[in-house]
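**Q** All I have is the shape, not the residue letters:
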DNA sequence: CAAATTTGTTAGAATGATCTAACATATTAC
DNA sequence: GTAATATGTTAGATCATTCTAACAAATTTG
C-alpha cells in the first residue's frame, strides 16, 4: 500500500499529467516543493511498485494501477471538500488544506458514508469531477471563458485553479459555480472580457481570470 | 510541533499514566507495539522538546506542556468517535480505528465544527470524558459502588484499596479500571450488589468489595 | 550548429523511526 | 541475600524521505 508521501506523488502526477499523461521531473518536484533529486528517487521507488512508467531523461507516466490509486485519493479529497462545505458549514475557499490531510485516511466506510450523505455527488465545490469508487472519472466538455464570443450565454461550471486568493476574488465579485454569465464584449487591447450576471450589470474580467473560469455554453 | 509518531507517544503516556503520572518504558513500548530501545530513544527526543520528564531507569512523566498536547489529541480522538457515531451512523465498536487516524489532523476549525454540531459533548461513545479545548479534563466525583442504586450504569474508575489480594480478586472477575457496570440489584440481607458487564451477565459483589470500588455514574 | 540554459542524474549525507544483539540495572523469589 | 527474571540501555544497522554539490543530457537561442 502506498505511503502518505507516495500518495502525494501519485496525486501530483495525476493532476499534472498532460493529454498524453506525461509529467516532467521538474514539474513534479516543483508541485510538491521538493528538490529534483528527491522527485527522481521517489519516482524510481514508485516504478518498483508498478505505479509509474519511467525511463532516464524521459517524462513519468502513471500505470493503470497508479492511475487508479491516484484517482481514489483525488476522490477522497473531493468528497471531503464537498462534505466540509455541504455538511459542516465550511466556505469553499477554506476546505483545501483540511482535505489535503483527510484524503490520506484509510477507512473506506468513512468515505462511503460521506458519499451517501451527499447523495453521490459527481462534482466537488469547485466544479471538479469526483472519480467514482473504481477510480473512473466522468468526462466533461468545459471551455475557458476566454475562448467564448460576445453574445453567448454561459454557465460557470469549474475552475482550473483553486487557490485561496482566486476563490476570494470570485467571492468578492459574487461569482459562484452555477452563475450564468452573458458575454457583452471582449477588449482587443488586453483580452479582458466584459460580462453581466445577476445584479452585476457590467463586470470586467482580466484575461488571467477568464482563462481560469471554465464554462458550459448555454446558447 | 509534534510529529504524527510523537503524538502517538504522548497519547499513550497520557492513557497509561498511573495516579502519579508515571509510565514505564516497557508498558509504553508494549502499548505502541514497538521495541523497548525504540521507545527509549523516542522518549529522549520528547525530553529534548520539553514534553516529558525522564531519568535513566526511572519511569517517564509528561510535563504540563506534554500533558496538554496529549489531552488535545485525546480530545480530537473522542470528538471524532462521537461525530462518527452521532452524525455519520457508525456503530460505537467500529469507530476506534478511524479516530486513531483522524486525531492527527491539524485543522482546529474541523474539530470546532464537530464540537458545535455535537452540542459540546463531555463524554465519548464509550463513556470516556472529552478534554476541553485547553486540554483540561473535567473532574469526576467518584462514589463507592455500594452507594449506587439498581438501574444505574457506572464506570469503574478507582479503588480505595490496592492490596494484591484485592487486585487478584478483580482480575479473577475480569474487572478492570474502565469497565462499565450495570447495577441489577442490591441484596438487603447482606448488602451485596449484583451487576452485569461485558460478557458477565450477572456477578455478585460483596459489601466489602463494593465499598472499595469507586465508580463514576454514567446515567 | 555551437553556446547557453534548462532539465535530469549520481553520489553522498542527514534525519526520524524503527530493528536486533549485547550488556546493565532493578526487582522478585527462593 | 544471592540467583533468576524482568526491565532498561547502548551500539550499530536499516529504511524512507529529504537535502546539496557536482556532473550529464537535452533543449533553446543567437
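**A** That came through fine. This structure is a prediction, so every number in the text was calculated from the model and none was measured. Residues are numbered from 1 along each chain as shown, chains lettered A, B, ... in the order given.
**Q** most remote residue from chain A's center?
**A** Each residue of chain A has a distance to the centre, and by Cα atoms, centre = their mean the biggest one is for residue A:189: 30.2 Å.
**Q** Name the secondary structure element that contains that one.
**A** Taking DSSP states H and E as the definition, residue A:189 sits outside all helices and strands.
**Q** Distance-wise, check it relative to DNA strand C.
**A** Distance, residue A:189 to DNA strand C, using Cβ to the nearest atom of the strand, to the nearest Å: 29 Å. C-beta coordinates here come from the backbone N, C-alpha and C atoms, glycine included.
**Q** Okay, that residue and residue A:145: tell me how far apart.
**A** According to Cβ to Cβ, to the nearest Å, residue A:189 stands 18 Å off from residue A:145.
**Q** what do you get for residue A:152?
**A** Residue A:152 is 10 Å from residue A:145, by Cβ to Cβ.
**Q** Need the residues touching each of those two.
**A** Contact criterion Cβ atoms under 8 Å, 6 or more residues apart in numbering or on different chains; residues shared by residue A:152 and residue A:145: residue A:183.
**Q** Who has more neighbours out of these two?
**A** residue A:145 (23 against 15; other Cβ atoms under 10 Å in any protein chain shown).
**Q** Kindly provide the distance from the more buried one to residue A:89.
**A** 29 Å.
**Q** residues from chain A in reach of chain B?
**A** Those residues of chain A that sit near chain B, judged by Cβ under 8 Å from any Cβ of the partner chain, are A:84, A:88-90, A:94, A:97-98, A:101-102, A:105-107, A:109-110, A:113-114, A:117.
**Q** Count the neighbours of residue A:168 for me.
**A** Count around residue A:168 with other Cβ under 10 Å applied: 12.
**Q** Oops, could you answer that again for residue A:130 instead?
**A** The tally of other residues near residue A:130 (other Cβ under 10 Å) stands at 23.
**Q** Quick check: nearest residue in space to it, chain neighbours excluded?
**A** Nearest non-adjacent residue to residue A:130, counting by Cβ to Cβ, 6 or more residues apart in numbering or on different chains: residue A:78, 4.4 Å away.
**Q** next one: residue A:79
**A** Per Cβ to Cβ, 6+ apart, closest to residue A:79 is residue A:114, 5.0 Å.
**Q** pretty sure the one you found is touching residue A:77, no?
**A** No - Residue A:114 is beyond contact range of residue A:77, at 11.4 Å (criterion: Cβ atoms under 8 Å).
**Q** Between the two, which is the more surrounded one?
**A** residue A:77 (23 against 20).
**Q** from what I can see, the more buried one looks like it's in a helix, true?
**A** Yes - under DSSP: H, G, I helix; E, B strand; the rest coil, residue A:77 sits within a helix.
**Q** To what extent is the closest residue to it other than its chain neighbours buried, counted in neighbours?
**A** Distances taken as Cβ to Cβ, 6+ apart place residue A:103 nearest to residue A:77, at 4.0 Å, with adjacent residues excluded. Residue A:103 has 22 neighbours, counted by other Cβ under 10 Å.
**Q** With residue A:199 instead?
**A** Neighbour count for residue A:199, taken as other Cβ under 10 Å: 6.
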